[in-house]
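Q: give me a 3D structure for the following:
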Amino acid sequence: MALTNLEKVLYPAAGFTKGEVLHYYATIAEALLAHLRDRPLSFLRYPDGPDGQLFFAKNVPAGTPDWVTTSEVPRSDGPSRMVLVQDLPSLMWAANLVTEFHTPQWRVQEPEEADRLVLDLDPGPPATIVQCCEVGLWLRERLAADGIESYAKTSGSKGLHLLASLVPTPSEQVSAYAKELAVEASRAMPGLVIHRMTRSLRPGKVFVDFSQNAARKTTATPYTLRARPEPAVSAPVTWEEVEACGSHGSPEQLVFLAGDIGPRLEAYGGDLLAPLFDAGRARSLPSDR
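A: Predicted coordinates for the structure are as follows:
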């Protein structure tokens with residue numbers, strides 16, 4: 001496999017090259033591949049860096065090698081063939097296209113049966129990830145009241161993502177439950193939280209986006225680089241880090257760049273989101289929902 005344009009600077013603010021992008025993905029492959037495996041991949045490509053053209057694609061890209069796994073998946077407008085990144089060669093091929101990795105909450109073996117719940121906490125300026133952490137802590141307790149254990153990661157952009165492991169459940173049911181949580185949060189913290197997508201309502205608030213649980217939607221995969229000025233990563237974080245940021249922190253506390261991730265994996269003994277793969281931790285949604 002030919003890797004191209006290795007000296008090309010993709011993140012000018014950091015002088016971070018395409019070769020460094022590929023090195024990042026090669027060194028954290030074990031953690032990332034666990035989150036990509038069996039999930040149809042959506043590509044957000046930025047081959048000239050985050051200041052260049054960005055384009056989103058779900059279908060198998062032209063020129064995809066025949067050794068890259070693909071699968072037919074359902075769509076509202078008819079079946080479509082999408083890429084599955086199952087191994088290191090496929091990961092490096094996809095990374096060579098310069099892409100953010102975005103995946104749904106279901107696996108290809110059970111289309112539209114979600115095995116994860118996601119809540120995307122998106123701050124409207126002047127709110128920041130600090131306020132997202134406050135909301136995330138409330139949602140953590142609310143989920144725990146339903147017997148659901150949640151985990152956190154940065155979006156790699158401005159916000160925070162909460163994830164939980166589910167017994168496979170129809171995506172529409174997960175979406176409905178997530179919306180109820182968002183509405184409850186907005187009622188409990190009306191000065192801080194909104195659940196409606198109306199952009200004019202967002203300044204100074206945290207939008208609890210429940211829509212990414214819909215079968216057709218995708219979320220930035222843990223450990224993906226983002227198309228930001230610097231090589232920021234959607235990084236798993238501990239609840240202690242969330243608490244520290246939410247109580248007396250600054251947004252910079254939860255900014256993690258490519259060079260931070262290897263040391264974090266080593267310091268924490270691996271992926272902080274590894275419990276999501278433990279079938280014994282998967283929960284059903286409350287029966288009265």
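
Q: what about the helices in the stretch 151-289 of the chain?
A: Remark: helices assigned in the stretch 151-289 of the chain by DSSP state H, counting those that start in this stretch are 171-188, 239-248, 258-267.

Q: what about the longest one, distance to the chain center?
A: Think helix 171-188. Relative to its chain's centre, helix 171-188 lies at 19 Å (C-alpha atoms, centre = their mean, to the nearest Å).

Q: what's it in contact with?
A: 105-106, 112-114, 117-119, 135, 138-139, 142-143, 166, 193-195, 208-211, 213-215, 285-286, 289 (C-beta atoms under 8 Å, 6 or more residues apart in numbering). In short, each C-beta sits where N, CA and C put it, glycine included.

Q: repeat that with 7 Å
A: The contact list for helix 171-188 (C-beta atoms under 7 Å, 6 or more residues apart in numbering) reads 105-106, 112, 114, 117, 119, 135, 138-139, 142, 166, 193-195, 208, 210, 213-215, 285, 289.

Q: buried ones among those residues?
A: 105-106, 112, 114, 117, 119, 135, 138-139, 142, 166, 193-195, 208, 210, 213-215, 285 (16 or more other C-beta atoms under 10 Å).

Q: inside strands: which ones of these?
A: Residues of these located in strands (DSSP state E): 114, 117, 119, 166, 193-194, 208.

Q: now the two most distant members of these.
A: Maximum pairwise distance among these (C-beta to C-beta): 25.0 Å, between Leu166 and Ile194.

Q: can you tell me the element Val21 falls in?
A: Here Val21 sits within helix 18-27, counting by DSSP states H and E.

Q: in the helix or strand following that helix, which residues are buried?
A: Remark: after helix 18-27, the chain's next helix or strand is helix 29-36, criterion DSSP H and E. Judged by neighbour count using 16+ other C-beta under 10 Å, the buried positions of helix 29-36 are 29, 31-36.

Q: what's the next helix-or-strand element following helix 29-36 packed up against?
A: Sequence order places strand 42-45 as the next helix or strand after helix 29-36, per DSSP H and E. When contacts are defined as 3 or more C-beta pairs under 7 Å, 6 or more residues apart in numbering; DSSP states H and E, strand 42-45 packs onto strand 55-57, strand 99-103.

Q: looking at those, which is buried most?
A: Neighbour counts (mean count of other C-beta atoms under 10 Å) averaged over each of the helices and strands packed on strand 42-45 peak at strand 99-103, with a mean of 22.

Q: show residues contacting it.
A: In contact with strand 99-103 (C-beta under 7 Å, 6+ apart) are residues 36, 39, 41-45, 218-221, 224-227.

Q: avg pLDDT for that strand?
A: The pLDDT scores in strand 99-103 average 95.

Q: then stretch 53-62?
A: In the prediction, stretch 53-62 has an average pLDDT of 91.

Q: one step back: as JSON lines, the helices and strands packed on strand 42-45 with distance to Asp77 would be great.
A: What follows is the helices and strands packed on strand 42-45, written out as JSON lines (distance: least, C-beta to C-beta, whole Å):
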{"stretch": "strand 55-57", "distance to Asp77": "15"}
{"stretch": "strand 99-103", "distance to Asp77": "19"}
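
Q: of those, which is nearest Arg199?
A: strand 55-57 (19.6 Å).

Q: sorry, back to before: now the buried members of the contacts of strand 99-103.
A: 36, 39, 41-45, 218-221, 224-227.

Q: need the contact list for Val21.
A: Val21 sits in contact with 10, 95, 98, 225, where contact means C-beta under 7 Å, 6+ apart.

Q: which one (most neighbours) among those?
A: Counting neighbours by other C-beta atoms under 10 Å, Leu225 comes out on top of the contacts of Val21 with 28 neighbours.
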